[in-house]
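Engineer: quick one: sequence plus predicted model below, questions after.
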Amino acid sequence: MNLTLSHLIALLPLLIVCATVIVVMLGIAWRRHHFATATLTTIGLNAALFSLLAVLTVTPIRVSPLLLIDNYAVLYMALILIAGLASTTLAHAYLEGFDDQKEEFYMLLGCSVLGGLTMVGSDHLLSLFFGLELLSVPLYGMAAYAYRTRLSLESGIKYMVLSAAASAFLLFGMALLYAESGSLAFADLGARLTEGGGHASWLLMGIGMMVIAMAFKLSLVPFHLWTADVYEGAPAPVTAFLATVSKIAVFALVMRLFMSAPVTDMASLHTMVAVIAFLSMLVGNLMALRQDNIKRLMGYSSIGHLGYLLTVVAASDDMALLTTGIYLITYVATTLATFGVIALVSSPWQGSDVASLKFYRGLFWRRPYLAAVMTVMMLSLAGIPMTAGFIGKFYVLATGVEAQLWWLVAGVIIGSAISLYYYLRVMVMLYLHPTEEEEYDASSDWGQRAGGIMVILLALAVLVLGVYPQPMIMLVSGASLG
Amino acid sequence: MMLPWLLLIPFIGGLLCWQFELIRPNTAMPRWIALFSMVLLLVLALGLWVSGDYSLSQAVGNTPEWQSQFQLPWIDAFGITFHLALDGLSLIMVTLTGFLGILAVVCSWKEIDRRIGFFHLNLLWVIGGVVGVFLAIDLFLFFFFWEMMLVPMYFLIALWGHESEGKSPVSAAIKFFIYTQASGLLMLVSILGLVFMHYTQTGVFSFDYGILRETPITGVMSWVLMLGFFIAFAVKLPVVPLHGWLPDAHAQAPTAGSVDLAGILLKTAAYGLLRFALPLFPETSQAFAPIAMGLGLVGIFYGGVLAFAQTDIKRLIACSSISHMGFVLIGIYSGTLLALQGVILQMVAHAFSAAGLFMISGQLYERLHTRDMRQMGGLFGRLGALPGFALAFVMASLGMPGTGNFIGEFLILFGAFDVAPWVVVIASGGLVLSAVYSLILMHRVYWGPPREKSTIAHLDGREYAMLLGTLVLTIALGLYPQVVLDISQGAMHEVRHWFAVSPSFAG
């Protein structure tokens, strides 16, 4: 096929991020400079973000059989780039005090973002696998970046082993599908398999294995065991990245697979997804109840949230696409700001993160705005009106009711009721009387730093979108597939 | 165009209080800002009261008769609008909210001495949320405020609450929050069910009360949706099997929190039943009425017995609220105009008497540092005017003629007699229980041999004025209830109309 100018424009974000990674790498080889490296990365990611405006002029467009750049992909690319930028900003403040090589971090981050971008644009099993590995492999390194602390190293290794196992599942599943259909492109795959002739059981096994691999990445029950440990051990900016970029990319892809390949119409598959969703809501929220470490708590809470979101996959209708976008936007903004606060309190790096809940006691009386941000985030995660989280939950419930998935709706309600307990516990902790114990605080000028500004902006966005979600809804409803 | 202001005043006032504290800590300024906003709210509401015409509307038709409306587009995709409207019912509730808001600010003048600004932020936002609940007639907006008001209330209880029997106020606050939020989500699902039902019938998304009211729903679905609404309101009212949060939340909340909880938060549930549950599901509600009345009876007796067994003075008052709300539930589901009017009066009167009693227990606590009635006794004569006020409010609460509570209970029982005579007969028996626990309260706290001879600090001007004002209103309501009845007439007529015409649909 011929590459024309419009193909190049469509690939612009990928190319820019690629170039950024290479420039950062060469820069490090030439001279180490933490601030310059972080700035370069930020500029690169920003440029990629703005290039999306140009991409919008050529969408939808198929670039090689592997990639389909449509509005849907552009939306999630934007989300991934924003999340990547936020993590870069947080990492800069965090790594200031790091007593080892700081600069390579940005290169790994760039690579991982590149993987995410590939995934949301992929329309082919090959690019899916390629993107997923490009996303995950740098993450092993990022999770274990503070490898001198035992927890960080452990988290990296755990993530690596389990992720590799998931990849094996994915490959096997893909192989089975290929054996049945003789094609790796989503649409083709769907068409050939609906023509019939294939062995239903092989097909089911293939798709099932792929779902398992995705469930690993999305940390859904019963494939969630790595989540809490990895969240806890990884440095806070990495956890922020892991909790957002990898979830967006994988979920966007699962949604595309389910929407564009009608193979997935099989009833048994939908039942399986629904069961996974239901279990995730319950188990994730129940496990979070007893946590005293806020990063572990967020890990379990993310299991619950992905469970809610999976309702949408079980529904798989037009409304589901809208809900996916809205929920992911609200969830990503909330998660980023939450980990942002944690990272700010833990910055600069002092050996390990300030993640135990007791260190947050009385934060409001020392850093009122930072605690207010955290409060808004907890309310948003709990889905209370006036925050974006409520809009997300509203859409999930609406999708569930519309598709008449009553027991999933019941699961969302029960899960939310349980989750209130621990979100409220974190929230009230911020306001209780400070004790005389050792205190960790964000530096007093946190509000003037880039990380602080970003966290405040995110909090404002969460509030504004919670009260006036219309722009977000317009944006997402414009992001159609194909 | 007054309606948005009713809503904005508390929210803006609250933010100002907080910001003021951040700039200049430890001043009394937030109190004055809060007081000013509450007075402004009350004045605006009274202005509407005087200027509006709430008499019986002749044409009870398909379009609700609103005195004034305010509508802005909000979320187009779902046909959600920012729709506020006011009729007699909402006006009474909003005025009541304004008045109790003032009481809540004034009664915490001395009690709250730390983080004043943040306290008033929460207090005013509760008020703002409640006003929103009373004004919103878009179901999404209604739910929005319904859930939103929980958060500041949670903070009020958790941060400024008292320990009771070794339990921290945080756990009471969490219990309150989980109960109400989870039941609220059930209501959200019901709302969505209703909206999608309407959508399948007409192809239009709308959350508007006036439009959804026209959606005919029958069969199992109508029961499921109706129960979603009912459970959410039943938790808040509270109806007996769902009342677990109430004694703890009341006992451990600061005085202002208890005043707001008993005075207006419980009333949002009765309001919700009158405004939404009955008109949206008239047939099902009618079929459900015997069960609801039965639950009301259980509440009357169970609440009474529970109150009798309490040793904590605030828990006693809280449990007595369960009993009083049982009457409200019976009145609502009997559906006659007389009983519905009685419900309105009972709500207003109960708000006054419960607020008075909670303020008195707050004042006792400030002086004695206990709420345990076993450690009181013989306070009459040691406290100046306070026991006199307590006696008056206790009498009001047990429904003595001459107080608004009497009129309320009388109208409810009288009005319901036509529809459900046996329920009324049994419920009347509950009045005896209320006499028993009220007298027990008086007896344990104020009579008997005094523990010490010394006098305790008497009421100061602020406390005296608060109690006197509330008492005057209670008695005024008892002597001339027509002021309130005139305003609510039109709205109640409409509820009765919806409730009464439904059998003709079925037949």
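Structural biologist: Happy to help now that I have it.
Engineer: now name the helix or strand holding B:His350.
Structural biologist: helix B:337-368 (DSSP states H and E).
Engineer: buried sites along that helix?
Structural biologist: By neighbour count on 16 or more other CB atoms under 10 Å in any protein chain shown, the buried set for helix B:337-368 is B:337-365, B:367-368. For every residue, glycine as well, the C-beta is placed using N, CA and C.
Engineer: what residues does the helix or strand following that helix touch?
Structural biologist: The first helix or strand that comes after helix B:337-368 along the chain, using DSSP H and E, is helix B:386-397. Helix B:386-397 is contacted by residues B:320, B:324, B:349-350, B:352-354, B:356-357, B:360, B:363-364, B:379-381, B:403-405, B:434, B:438-439, B:441-442, B:445-446, B:458-459, B:463, B:467-468, B:470-471, B:474, B:478 when judged by CB atoms under 8 Å, 6 or more residues apart in numbering or on different chains.
Engineer: give the rounded mean pLDDT of the helix or strand that comes right after helix B:386-397.
Structural biologist: For helix B:386-397, the succeeding helix or strand toward the C-terminus, using DSSP H and E, is helix B:404-417. Across helix B:404-417, pLDDT averages out at 91.
Engineer: mind giving me the packing neighbours of helix B:404-417?
Structural biologist: Other helices and strands packing on helix B:404-417, by 3 or more CB pairs under 8 Å, 6 or more residues apart in numbering or on different chains; DSSP states H and E, are helix B:313-334, helix B:337-368, helix B:386-397, helix B:421-446, helix B:461-479.
Engineer: and the last one, how far from the chain's centre?
Structural biologist: Using CA atoms, centre = their mean, to the nearest Å, we find the averaged C-alpha position of helix B:461-479 to lie 19 Å away from the chain's own average C-alpha position.
Engineer: and for stretch B:144-157?
Structural biologist: On the basis of CA atoms, centre = their mean, stretch B:144-157 sits 14 Å off its chain's mean C-alpha point.
Engineer: residue contacts, A:Glu232?
Structural biologist: Taking CB under 8 Å, 6+ apart, we find A:Glu232 in contact with A:151, A:155, A:293, A:295-296, A:299, A:355.
Engineer: so among these, where is pLDDT lowest?
Structural biologist: A:Ala355 (77).
Engineer: which ones are touching that residue?
Structural biologist: Neighbouring residues of A:Ala355 by CB under 8 Å, 6+ apart: A:232, A:236, A:293-296, A:342, A:346.
Engineer: next, give me the two most distant ones among these.
Structural biologist: The largest separation in the contacts of A:Ala355, counting by CB to CB, is between A:Arg296 and A:Ser346 at 14.7 Å.
Engineer: who's more crowded, the two?
Structural biologist: Counted by other CB atoms under 10 Å in any protein chain shown, A:Arg296 and A:Ser346 do not tie: A:Ser346 has more neighbours, with 26 against 21.
Engineer: in the stretch 301-450 of chain A, what residue comes closest to chain B?
Structural biologist: A:Ala417 (3.7 Å; CB to the nearest CB).
Engineer: measure the most centrally placed residue in chain A to B:Val133 for me?
Structural biologist: Central residue of chain A (CA atoms, centre = their mean): A:Thr244, 2.4 Å from the mean position. Look at A:Thr244 and B:Val133: by CB to CB, to the nearest Å, they are 35 Å apart.
Engineer: same check, this time on B:Arg367
Structural biologist: The span separating B:Arg367 from B:Val133 equals 35 Å under the rule CB to CB.
Engineer: element containing the residue of the stretch 51-200 of chain A at minimum distance from chain B, please.
Structural biologist: Closest to chain B within the stretch 51-200 of chain A is A:Leu75: 16.2 Å, counting by CB to the nearest CB. A:Leu75 is part of helix A:71-95, with elements assigned from DSSP H and E.
Engineer: can you name every helix or strand that that helix contacts?
Structural biologist: helix A:34-56, helix A:104-121, helix A:236-241, helix A:247-260, helix A:318-346, helix A:450-467, helix A:470-478.
Engineer: just checking, what packs against the longest one?
Structural biologist: On a contact count with 3+ CB pairs under 8 Å, 6+ apart, helix A:318-346 meets helix A:71-95, helix A:236-241, helix A:247-260, helix A:294-315, helix A:368-382, helix A:388-402, helix A:450-467, helix A:470-478.
Engineer: look at the nearest residue to A:Met119 once chain neighbours are set aside and give its secondary structure.
Structural biologist: Leaving aside its chain neighbours, A:Met119 sits nearest to A:Gly131 (3.5 Å; criterion: CB to CB, 6 or more residues apart in numbering or on different chains). At A:Gly131 the chain is in helix, as set by DSSP: H, G, I helix; E, B strand; the rest coil.
Engineer: if I look at A:Leu424, how far off is A:Leu306?
Structural biologist: Relative to A:Leu306, and taking CB to CB, A:Leu424 is found at 21 Å.
Engineer: my bad, B:Glu366
Structural biologist: From B:Glu366 to A:Leu306 the distance is 50 Å (CB to CB).
Engineer: what does A:Ala54 give?
Structural biologist: Counting by CB to CB, the gap from A:Ala54 to A:Leu306 is 32 Å.
Engineer: phi, psi for A:Glu180 please.
Structural biologist: phi -80, psi -40 (degrees, to the nearest 10).
Engineer: and what of B:Pro449?
Structural biologist: phi -70, psi 130.
Engineer: and it, how many neighbours?
Structural biologist: Counted by other CB under 10 Å, the residues lying close to B:Pro449 total 6.
Engineer: circling back: most neighbours of all the contacts of A:Glu232, which one?
Structural biologist: Greatest neighbour count in these, by other CB under 10 Å, goes to A:Ser155: 29 neighbours.
Engineer: looking at the closest residue to it other than its chain neighbours now. What's its pLDDT?
Structural biologist: Excluding its sequence neighbours, the residue lying closest to A:Ser155 (CB to CB, 6+ apart) is A:Gly233, at 2.7 Å. Per-residue pLDDT puts A:Gly233 at 89.
Engineer: ok, B:Asp76 to B:Phe207 distance?
Structural biologist: 12 Å.
Engineer: low-confidence ranges, the stretch 401-507 of chain B, go.
Structural biologist: B:500-507 (pLDDT under 70).
Engineer: these two touch, right, A:Leu162 and A:His224?
Structural biologist: No. Look at A:Leu162 against A:His224 with CB atoms under 8 Å: they stay out of range, at 10.2 Å.
Engineer: OK, now which residue of the stretch 101-250 of chain B is nearest to chain A?
Structural biologist: B:Ala182 (3.7 Å).
Engineer: now do the same contact list for that residue.
Structural biologist: Going by CB under 8 Å, 6+ apart, B:Ala182 touches A:413-414, A:416-417, A:420.
Engineer: if you set the cut-off to 7 Å instead, what comes out?
Structural biologist: Applying CB atoms under 7 Å, 6 or more residues apart in numbering or on different chains to B:Ala182 gives the contacts A:413, A:417.
Engineer: tell me which element it falls in.
Structural biologist: B:Ala182 is part of helix B:169-202, with elements assigned from DSSP H and E.
Engineer: show me what counts as buried in that helix.
Structural biologist: So, applying 16+ other CB under 10 Å, buried residues of helix B:169-202: B:169-170, B:172-195, B:197-199.
Engineer: ditto for stretch A:291-304
Structural biologist: Under 16+ other CB under 10 Å, the buried positions of stretch A:291-304 are A:291, A:293-304.
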